[in-house]
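Student: Predicted model, plus sequence, below.
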Amino acid sequence: MALKKRLSLIAVAVVAGATATVAASSPARADSVTAGQAWRVVQQYTGVWTSPPTTLTNGETTDAPLLGNGDIGVAVGGSISNQTLYLGKNDFFSGSSHAIRPLGRIALIAPALAGSSYRVVQDIAHAEVRGTYALGSQTLNTVSWVDANSGLVVTSFTLTGGAALSIGIALQNGSGGAPSTSTTGNDLDADVAADTGTGSDPHARIAARTIGQSQSISGNRITLTIQPGGTSTLVAGIVSSIDSASWQAGADALVSGLAQADVGIRNTAHRSWWQTYWSRSYVEIPDNAVEKSWYGSLYLLACVSRSGKTAPGLWGNWITGNMNWNGDFHTNYNYETPFYAALSTNHVTQMAAYDRPVLDWQSAGQSLAAQNGFTGVLYPVGLSPKGTSADMNLHNQKSNAANLASDMVMRYEYTHDTGYANTVYPWLKQAGLFWQNYLTFDSVRNRYVITNDAPHEDQSYPQTNSGMSLGLVHLLFQGLIDMSTALNQDTTTRATWQNIAAHLSGLPTMTLNGATILRETEAGSDFINDGNDIDAQAIYPGSLIGLDSDATQLQTARNTIGALTNAWHGGNAPATFYAAAARVGYNPGTILSNLDNEATAQSFANMAVHHNGGGIENLNVTTSGLDEMLMQSFQNDIKVFADWPANTSAKFGDLLAYGNFLISSSRAGNAVQYIRAVSQNGGNFTFTNPWPANVEVYRNGTDTGTVSGSKITLSTAANDTLDLAPAGTSLATIQGALTQPLSGTSGGGSSSAFSSGFEPGDPTPSWTDTVDTAAGGQSGVTGICCGLSAPEAAVRSGETAHSGGSALMYSGSGQGGGNTHAYLKTYDLSGSPLAIGTGRTLSYWIYPQSNATSAWVSAGSNNSTCVAVDLAFTDGSTLRDSGALDQHGNRAHPAFQCGHLTLDAWNLVSVNLATDNADKQVNRILIGYDHPNATGGYRGYIDDLTLS
């Protein structure tokens with residue numbers, strides 16, 4: 001069909017650079033440093049609650065502490081007087097409603113601790129949730145985890161002080177009611193079912209018992225009596241009828257006969273699994289909030305997805321009630337997106353569960369296509385397990401199967417795994433067959449056209465050439481071409497695919513506010529800035545435009561990103577929008593600033609990024625968003641720090657690139673220090689040269705000389721390791737840089753980082769409660785109470801901490817007057833002053849107290865927020881007077897922090913020191929209070945202080 005309306009079109013192009021080719025040699029070992037770096041960084045990050053979660057059963061993302069093993073998920077809700085462990089399982093889909101259902105609950109009921117304090121920590125490094133509940137002289141500590149290697153859910157209890165404590169442990173069904181129960185020896189068994197439990201509704205058993213202390217069983221409740229100084233452990237085995245036909249006996253077998261020593265052995269193996277998981281890659285950047293979100297997203301990914309298990313639906317396995325949209329596999333982007341997070345992060349094994357629901361629906365997809373007069377496969381919006389569908393609506397969208405194919409194609413392009421290709425290739429051919437016959441050929445313009453395919457749900461005819469679908473269909477055919485070539489199959493059909501890929505319509509454009517942007521369709525929907533990113537999905541995941549595209553394409557793409565102002569934090573966009581922005585080189589400072597907002601304002605303490613309508617799809621916000629800034633490879637040209645801010649250091653290890661290369665690199669300021677590439681499959685390694693001159697090449701530890709060019713290709717054999725750096729760099733220098741923490745310093749002074757969480761083993765403060773008379777002194781400030789005559793700055797343990805058990809407490813009392821301030825010194829670095837250089841960042845967490853948490857602070861006072869970490873430099877100047885700003889644009893001066901910190905909560909403050917103090921060296925670290933004319937007490941805590 002000839003199309004009469006002429007639109008501006010964008011074609012796919014690659015800019016060729018100067019290329020040098022070097023021959024391969026013998027294989028060598030892969031990078032062994034990443035595991036240590038990753039373990040060092042991830043242990044810094046926890047989620048902390050000082051009051052119970054409040055978003056528990058609204059059918060979407062919960063704000064509760066979260067646990068999981070890729071099959072079973074647990075959300076921890078409520079105070080310890082009536083705490084609930086919400087149990088979910090990926091396979092608990094009702095056969096009658098095709099909706100995922102909550103499996104059950106375990107209620108922990110300690111009425112004697114009603115009114116206790118509440119502190120719960122989600123430790124992502126070890127996949128454990130720890131609770132501390134104190135009332136009077138009595139403290140109960142709990143540790144909960146979902147065994148990484150079995151269907152075992154564990155909670156241990158340790159009691160100190162007071163009298164014996166009775167804890168009720170009630171087994172409940174998914175709605176909180178009493179299930180059918182029985183006993184097997186010392187076990188209490190509860191049998192639960194999804195929906196009515198008839199037909200193909202799955203069943204499961206929760207088999208529970210306690211180890212240590214004394215227990216009794218009545219009805220659906222175990223009563224545990226624990227003595228002061230005693231410890232007891234609750235073990236609950238969970239097996240579903242999907243797991244095993246012998247699901248009841250299987251659950252009992254998990255817990256019967258377990259001794260405390262057995263639980264300890266299981267916990268060791270559990271922790272080992274997680275440490276191995278973390279060993280696969282790492283990132284380290286100055287923005288700790290974004291860095292934490294990257295690790296937090298990977299934690300949640302491992303919690304919800306596992307090889308050999310049912311894939312997670314929209315909300316993962318944290319199923320606390322009736323979930324919105326049935327919690328199904330929504331095919332028009334939601335189901336696909338969380339699995340993208342596994343690719344560049346080198347966690348491909350977490351994708352293993354993805355394909356089964358898609359492949360299981362193939363025959364139904366062929367039937368649906370035939371019913372509508374098409375060939376190949378046609379997929380609806382809502383799949384559910386075992387070849388069923390939760391929602392058969394097409395919404396006038398033909399792109400669902402192409403969307404589903406994107407994960408398969410991208411997985412192959414990243415891994416070049418022909419074994420995997422053999423598994424999915426037959427299905428992909430069916431998806432391709434649909435488009436081979438659905439596309440129409442415009443002979444006048446020599447192009448293939450997509451007709452009547454809505455980018456948004458339920459848009460009416462015509463909707464021609466949806467840019468989103470053009471990207472996805474091109475990606476599908478490119479994958480078919482590459483897989484058929486690797487598998488040496490379908491040579492004739494491959495020529496058809498190549499012809500379609502080469503002649504698929506270009507992306508339509510339009511003019512908006514004087515700038516050319518991508519249009520949603522050629523005819524139909526034009527530009528909608530509603531919190532979706534349809535206009536940018538041809539970039540990611542469609543992969544049609546990148547930094548190797550021509551300048552006009554890139555500018556159009558960047559204009560589009562800039563126009564989609566509501567996509568940064570929209571309901572449906574963030575999961576793919578950040579990666580798209582990075583892929584086309586959009587302003588990296590803007591991307592990072594918005595990622596910081598996602599990691600803070602748009603995230604719960606459990607590190608789940610949440611938006612209305614978006615569940616585990618948001619695991620891809622920070623992971624792929626940040627990875628595409630640090631390293632890009634989708635145009636078969638590896639670029640390190642592809643879209644990274646100037647004068648900003650960063651470091652990463654073993655990110656996965658197209659072609660199955662593991663890439664590690666580090667940048668200090670603007671200088672890339674090295675690239676390490678481990679070739680897992682062999683083949684040509686092509687990279688953009690980040691250095692202005694020749695490149696020294698070490699292959700498997702041997703110097704092979706230098707190469708040059710703006711784009712360089714090195715041939716490799718499987719397991720080759722290439723170490724690359726500016727000409728003349730020694731291998732020892734590269735290897736030394738690989739093992740170092742992130743450092744962006746230059747010039748004199750110490751280049752190492754400073755970090756303290758005020759824990760045993762961390763640097764001990766050089767001074768306690770000591771005014772710095774040389775860098776501000778004290779005026780109009782006395783002690784806060786209790787006979788104290790002066791302000792305080794001292795380490796406290798067992799009170800309030802951001803992580804661990806200790807933090808630096810500050811306090812004092814303003815006496816009025818226009819010069820009310822107190823600057824106390826904590827750390828002395830004068831023996832080896834810390835150089836700021838071009839990439840140093842100060843970050844710390846601060847918890848300013850109100851009258852609600854400290855009686856010595858007046859009601860309504862914000863005095864406690866007028867505090868900041870300050871630095872005294874070797875030249876006599878201070879950070880506070882340098883004009884430096886924090887990540888929110890507030891002066892890094894205690895007087896300018898007033899009112900900008902949230903009381904009774906942990907606030908992250910991050911300051912890029914290089915902006916105003918690049919040539920300076922840190923002599924002392926101070927804690928400053930500055931609030932002119934203030935009266936009354938101030939108090940709070942500072943923790944996790946770093947200069948990195």
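Tutor: Good, I have the coordinates.
Student: buried ones in the strand ranked longest in the chain?
Tutor: Criterion DSSP state E: the longest strand present in the chain is strand 935-947. Within strand 935-947, the residues scored as buried using 16 or more other CB atoms under 10 Å are 936-947. (Glycine included, C-beta is placed from N, CA and C.)
Student: Mind putting these into TSV with pLDDT?
Tutor: Converted to TSV, the buried residues of strand 935-947 look like this (pLDDT from 0 to 100):
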residue	pLDDT
936	96
937	97
938	97
939	97
940	97
941	97
942	97
943	94
944	91
945	94
946	91
947	90
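Student: The nearest residue to residue 282 once chain neighbours are set aside: neighbour count?
Tutor: Nearest non-adjacent residue to residue 282, counting by CB to CB, 6 or more residues apart in numbering: residue 38, 3.6 Å away. If you count neighbours by other CB atoms under 10 Å, residue 38 ends up with 24.
Student: my guess is residue 38 is in a helix, correct?
Tutor: Yes - counting by DSSP: H, G, I helix; E, B strand; the rest coil, residue 38 is found in a helix.
Student: Next, work out how far apart it and residue 347 are.
Tutor: Relative to residue 347, residue 38 is positioned 11 Å away (CB to CB, to the nearest Å).
Student: so what's in contact with those two at the same time?
Tutor: 280-281 (CB atoms under 8 Å, 6 or more residues apart in numbering).
Student: Assess the claim that residue 69 and residue 154 are in contact.
Tutor: No - when contacts are counted by CB atoms under 8 Å, residue 69 is not listed as touching residue 154 (11.3 Å).
Student: more crowded one of the two?
Tutor: Neighbours per residue, other CB under 10 Å: of residue 69 and residue 154, the larger number sits with residue 69, 26 against 22.
Student: Per-residue pLDDT of that one, please?
Tutor: Here, the pLDDT recorded for residue 69 equals 98.
Student: Equivalent analysis for residue 910, please.
Tutor: The model reports residue 910 with a pLDDT of 89.
Student: Tell me which helix or strand it sits in.
Tutor: strand 907-912 (DSSP states H and E).
Student: Surely the residue nearest to residue 282 touches residue 279?
Tutor: Yes - assessed by CB under 8 Å, residue 38 is found in contact with residue 279 at 5.8 Å.
Student: hang on, the earlier thing: identify the residues contacting the residue nearest to residue 282.
Tutor: By CB under 8 Å, 6+ apart, the contact set of residue 38 is 278-282, 653.
Student: Out of the residues you listed, grab the one that's most surrounded.
Tutor: Highest neighbour count within the contacts of residue 38: residue 282, with 28 neighbours (other CB under 10 Å).
Student: Distance of that residue relative to residue 655?
Tutor: Residue 282 sits at a distance of 9 Å from residue 655 (criterion: CB to CB).
Student: can you check residue 638 too?
Tutor: Residue 638 sits 10 Å away from residue 655, taking CB to CB as the criterion.
Student: can you list residues touching both of the two?
Tutor: With CB under 8 Å, 6+ apart as the test, residue 638 and residue 655 both reach 631, 663.
Student: Between the two, point out the one with more neighbours.
Tutor: Taking neighbours as other CB under 10 Å, residue 638 and residue 655 compare with residue 655 leading, 27 against 24.
Student: and the more buried one, what is it in contact with?
Tutor: Contacts for residue 655 were tallied using CB under 8 Å, 6+ apart; they are 281, 283, 344-346, 627, 630-631, 662-664.
Student: Residues in a beta bridge with it, which ones?
Tutor: Per DSSP bridges, the residues bridged to residue 655 are residue 663.
Student: Let me know the pLDDT of it.
Tutor: Residue 655 is assigned a predicted lDDT (pLDDT) of 98.
Student: measure it to residue 411 for me?
Tutor: Per CB to CB, residue 655 is found 15 Å from residue 411.
Student: on that earlier part again, any idea which of the contacts of residue 655 is closest to residue 482?
Tutor: Among these, residue 344 lies closest to residue 482 (CB to CB), at 18.1 Å.
Student: Surely the closest one and residue 656 touch.
Tutor: Yes - the criterion here is CB under 8 Å, and residue 344 meets it with residue 656 at 5.5 Å.
Student: so how far is residue 247 from the residue sitting nearest the centre point of the chain?
Tutor: Geometric centre of the chain, nearest residue: residue 297, 2.1 Å, by CA atoms, centre = their mean. Computed as CB to CB, the residue 297 to residue 247 distance reads 32 Å.
Student: Quick one: the helices in the stretch 551-700 of the chain, in order.
Tutor: Assigned by DSSP state H, counting those that start in this stretch, the stretch 551-700 of the chain shows helices spanning 551-563, 574-583, 588-600, 620-630.
Student: what's the closest of those to residue 415?
Tutor: helix 620-630 (15.6 Å).
Student: which other helices and strands contact the closest one?
Tutor: Applying 3 or more CB pairs under 8 Å, 6 or more residues apart in numbering; DSSP states H and E, one finds that helix 620-630 contacts strand 282-284, helix 288-304, helix 337-344, helix 574-583, helix 588-600, strand 650-657.
Student: Can you redo the ones you listed as TSV, where the extra columns are distance to residue 385?
Tutor: Formatted as TSV, the helices and strands packed on helix 620-630 follow (distance: least, CB to CB, whole Å):
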stretch	distance to residue 385
strand 282-284	34
helix 288-304	15
helix 337-344	16
helix 574-583	23
helix 588-600	31
strand 650-657	28
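Student: What is the burial count for residue 601?
Tutor: Residues lying near residue 601 (other CB under 10 Å) number 9.
Student: now swap in residue 801 and tell me
Tutor: Neighbour tally, residue 801, other CB under 10 Å: 24.
Student: Next, the contact list for it, please.
Tutor: 758, 807, 941, 943.
Student: okay, the helices and strands packed on helix 620-630, which one's buried deepest?
Tutor: Burial of these is given as mean neighbour count (mean count of other CB atoms under 10 Å); helix 574-583 ranks first at a mean of 29.
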